[in-house]
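What follows is a predicted structure for the sequence shown.
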Amino acid sequence: MSTLPKFTQVLVIGGGPAGSTTATLLAREGFDVTLMEKAVGPRYHIGESLLPSSMEILELTNAKEKVEAYGFQRKEGAYFEWGTDKWSFDFGQLNGKQKYSYHVRRADFDKLLLDHATSQGVKVFEGTEVRELSFNGARPQSAIWSQNSGDNSSGEISFDILVDASGRAGVMATRYLKNRQQNQVFQNIAVWGYWKGAGKLTEAPAGAFVGGSTEDGWLWGIPLHDGTLSVGVVMHKESYKARRSTSLEEFYLGAIAESPLMTKLLTQAELVSSVQAEQDYSYAAENFCGPGYFLIGDAACFLDPLLSTGVHLANLSALLASASITSLLRNEVSENQAISFYEKSYRQAYLRFLSLVSFFYDKKRGTEAYYEEAQELAHNDYRDSAPNTAFVNLVSGMEDLTEAQNGIDNLVIEKISQRAARSLSLEQVQEDLDGEKMDTQIMNVMEGMYTFSKDLSVEAAIDGFYVVTRPRLGLGRVSEKVEESAQKRLADSNAPSPSIR
């Protein structure tokens, strides 16, 4: 695609998984979609571990076969040495067909999805940056762009709907809305590198994500299809500052040496990359959408790498936004209904993981407490199943997809909001480091949670909507679903009984 159009129904800023998936879903529904990506791929990105929920969304976009054929490292579960406990879980215990996922090199994975978007009818422009947005009141209506290669051309494009998938850059949230709020509880720093020749854990599921806690934080191990192991160290910034008196690499190697789990894996391994670091990555925009725009993926929020939620939330937000936009452009719902559904359904998923991760950081609680907390955060009751069933359904991302496709209850969101506030109030990982300041930060977060849950009323526009994926994407009404079920039950009751011989 060489010439940018002057108008498009939907403009997507950003070509990561969130942007590519949203653009693909909308193009497959027949809409005119233009995607602008600042970089020219493949480009490096951290966040290599996918959840099983991503496989279902890849199937919706018709990209699953391409991902399966690429040769990425298959992931069948996770293994933790957390606090004093050693435990694992296997995605094979999930109901349905999505019982695994992959670890991916993001440069390859993201490029695959972006190329797939092109094949599905999306007008993709790499090396194209959105320089400025213009508004009609609070509604974005056009973008000034420039190309970073070739003839360095520039121009303006107008649109009906803007999807901001610009990642941490957050074009809308940071430049215009100025509503991004840092999560003061998770003020962590991540330091990572890549190793060759790492060992394997016989006690872990095949291709497992490996997590090990230390006194000051935790470490990840993610096996990749090129034979390397991604190993990262995560700890609070204050702990990092107190410990780092040498180079970044020396700090990194010292932190690994404190983990018996990672030491065992890396005994015969060699560090084959430079060491990288990232901080201030836990945040959320005050609002995820508004008149004429939707913030998705990392442009809306990012939590923490602990449960590998990055690509899951990117894909989930892509599905929720695409369904909302589809029904909005088809005049099946009002704009207020569409943005209310997206805001609350995506906020619910974010808050649930926020609560679970904050609970998880208290390493003294133990495995059973994590399982119980997961059940409290789940919509479905798994108490008659294996003790870890609710936990596995949550951390696989499948609970979020199930709820999106079966309707969402404001009371569920309120419960999750309240539990998120409670879990954060119990988060004591850094209290000794930050003292009174941390108490104030926790209270601010709790106040935000309370305000959000207080605003949920049974009259809210979100009531009665859920995501429909077949025969076409959009928002369905629970009332229609209930009526359909009632008609089916009536038909079944009127059917002649089989004769008994």
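Looks like it came in fine. Numbers count the residues shown, from 1 in each chain.

Can you pull out the residues in contact with the host helix or strand of Gly221?
If you go by DSSP states H and E, Gly221 is part of strand 217-223. Contacts of strand 217-223 with the rest of the structure, by C-beta atoms under 8 Å, 6 or more residues apart in numbering, involve 48-49, 73, 82, 103, 188, 192, 198, 207, 209-212, 229-236, 239, 255-256, 259, 261-262, 265, 305-306. Where C-beta positions appear, they are placed from N, C-alpha and C, glycine not excepted.

Then stretch 309-321?
For stretch 309-321, contacts defined as C-beta under 8 Å, 6+ apart pick out 16-19, 21-22, 25, 47, 49-51, 53-54, 57, 60, 163, 165, 288-289, 294, 296-298, 300-303, 341-342, 345-346, 349-350, 353, 357, 397, 400-401, 404, 467.

Which of those residues fall within strands?
Among those, the members found in strands (DSSP state E) are 163, 289, 294, 301-302, 467.

Nearest to Thr202 among those residues?
Phe302 (33.8 Å; C-beta to C-beta).

Does Gly199 touch Thr267 like I think?
Yes: the pair Gly199 / Thr267 is scored as a contact, 6.6 Å apart, by C-beta atoms under 8 Å.

that older thread, which two from the ones in strands among the contacts of stretch 309-321 end up farthest apart in space?
Phe302 and Val467 (22.6 Å).

how distant is the helix ranked longest in the chain from the center of its chain?
For the chain, the longest helix by residue count, based on DSSP state H, is helix 335-360. Remark: helix 335-360 is offset 11 Å from the chain centroid, using C-alpha atoms, centre = their mean, to the nearest Å.

Rounded mean pLDDT for the helix or strand following it, please.
Toward the C-terminus, helix 335-360 is succeeded by helix 367-377 as the next helix or strand (DSSP H and E). Helix 367-377 shows a mean pLDDT of 90.

how's the protein carved up into domains?
7-179+282-454, 188-279 (automatic domain parsing).

weakest of these in terms of mean pLDDT?
Among the domains of the chain, domain 7-179+282-454 scores lowest, with a mean of 88.

host element of Glu215?
Glu215 is part of no helix or strand when elements are defined by DSSP H and E.

And the residue lying closest to it once chain neighbours are set aside, how far from Ser245?
Nearest non-adjacent residue to Glu215, counting by C-beta to C-beta, 6 or more residues apart in numbering: Glu258, 7.3 Å away. Going from Glu258 to Ser245 by C-beta to C-beta, to the nearest Å gives 16 Å.

Those two: who's more crowded?
Glu258 (15 against 8; other C-beta atoms under 10 Å).

hang on, the more buried one packs against Gly212?
No: checked against C-beta under 8 Å, the pair Glu258 and Gly212 is beyond contact range at 9.7 Å.

Assumed Leu475 was part of a strand.
Yes: counting by DSSP: H, G, I helix; E, B strand; the rest coil, Leu475 is part of a strand.

quick one: it and Thr326, what's the gap?
For Leu475 relative to Thr326 (C-beta to C-beta), the value is 8 Å.

Please identify which helix or strand holds the most centrally placed residue in the chain.
For the chain, Leu313 is the residue whose C-alpha lies nearest the centre (C-alpha atoms, centre = their mean; 1.7 Å). Take DSSP H and E as the rule and Leu313 turns out to sit in helix 310-329.

swap in Leu11?
strand 7-13.

List the buried residues in that strand.
Residues of strand 7-13 classed as buried by neighbour count (16 or more other C-beta atoms under 10 Å): 8, 10-13.

do stretch 102-114 as well
Of all the residues in stretch 102-114, those buried under the rule 16+ other C-beta under 10 Å are 102-106, 108-114.

cool, and stretch 321-339?
Buried residues in stretch 321-339, counted by 16+ other C-beta under 10 Å: 321-329, 333, 335, 337-339.

about what we covered before: CA-only coordinates of the strand holding Gly221, as PDB, when you get a sec.
Output of strand 217-223 as PDB, limited to C-alpha atoms (Å, rounded to 0.1, in the frame of the first residue of the first chain):
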ATOM      1  CA  GLY A 217      11.400  -9.800  44.100                       C
ATOM      2  CA  TRP A 218      11.100 -12.600  41.600                       C
ATOM      3  CA  LEU A 219      12.500 -14.000  38.400                       C
ATOM      4  CA  TRP A 220      11.100 -15.400  35.200                       C
ATOM      5  CA  GLY A 221      12.300 -18.000  32.800                       C
ATOM      6  CA  ILE A 222      10.700 -18.300  29.300                       C
ATOM      7  CA  PRO A 223      12.000 -20.800  26.800                       C
END
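
As CSV, could you dump the C-alpha coordinates of the helix or strand following it?
Under the assignment DSSP H and E, the closest C-terminal helix or strand after strand 217-223 is strand 228-236. Only the C-alpha atoms of strand 228-236 are listed here, as CSV (Å, rounded to 0.1, in the frame of the first residue of the first chain):
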residue,chain,number,x,y,z
THR,A,228,17.4,-19.3,24.2
LEU,A,229,15.9,-18.8,27.6
SER,A,230,14.6,-15.3,28.4
VAL,A,231,15.5,-14.7,32.1
GLY,A,232,14.2,-11.6,33.9
VAL,A,233,14.6,-10.1,37.3
VAL,A,234,11.7,-8.0,38.8
MET,A,235,12.0,-5.9,42.0
HIS,A,236,10.8,-2.7,43.4
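
so what strands line up beside strand 228-236?
Its sheet considered, strand 228-236 pairs with strand 188-196 (antiparallel), strand 217-223 (antiparallel) by DSSP bridges.

Most tightly packed of those?
Mean neighbour count (mean count of other C-beta atoms under 10 Å) peaks for strand 217-223 among those, with a mean of 24.

re earlier: in CSV, list the C-alpha atoms belonging to the helix holding Leu313.
Coordinates of each C-alpha in helix 310-329 appear next as CSV, following Å, rounded to 0.1, in the frame of the first residue of the first chain:
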residue,chain,number,x,y,z
GLY,A,310,0.4,-8.3,28.4
VAL,A,311,-0.7,-9.9,25.1
HIS,A,312,-3.8,-11.4,26.7
LEU,A,313,-5.1,-7.9,27.7
ALA,A,314,-4.0,-6.6,24.2
ASN,A,315,-6.1,-9.3,22.5
LEU,A,316,-9.0,-9.1,24.9
SER,A,317,-9.3,-5.4,24.5
ALA,A,318,-9.0,-5.8,20.7
LEU,A,319,-12.0,-8.2,20.8
LEU,A,320,-14.0,-6.0,23.1
ALA,A,321,-13.3,-2.8,21.1
SER,A,322,-13.9,-4.5,17.8
ALA,A,323,-17.3,-5.9,18.9
SER,A,324,-18.3,-2.5,20.3
ILE,A,325,-17.1,-0.6,17.2
THR,A,326,-18.8,-3.0,14.8
SER,A,327,-22.2,-2.7,16.5
LEU,A,328,-21.8,1.1,16.8
LEU,A,329,-21.0,1.5,13.0
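
Can you show me the strands along the stretch 1-150 of the chain?
Applying DSSP state E, counting those that start in this stretch to the stretch 1-150 of the chain gives strands spanning 7-13, 33-37, 73-75, 77-82, 85-90, 101-103, 123-126, 128-136, 139-147.

so which of those strands gets nearest Ser273?
strand 101-103 (15.9 Å).

First-to-last residue distance for stretch 218-227?
23 Å (C-alpha to C-alpha, to the nearest Å).

Measure how far it is from the centre of its chain, please.
Distance of stretch 218-227 from its chain centroid, counting by C-alpha atoms, centre = their mean, is 19 Å.

which outside residues touch stretch 62-69?
Residues contacting stretch 62-69 (C-beta under 8 Å, 6+ apart): 24, 28, 55, 58, 102, 104, 109, 112-113, 116, 120.
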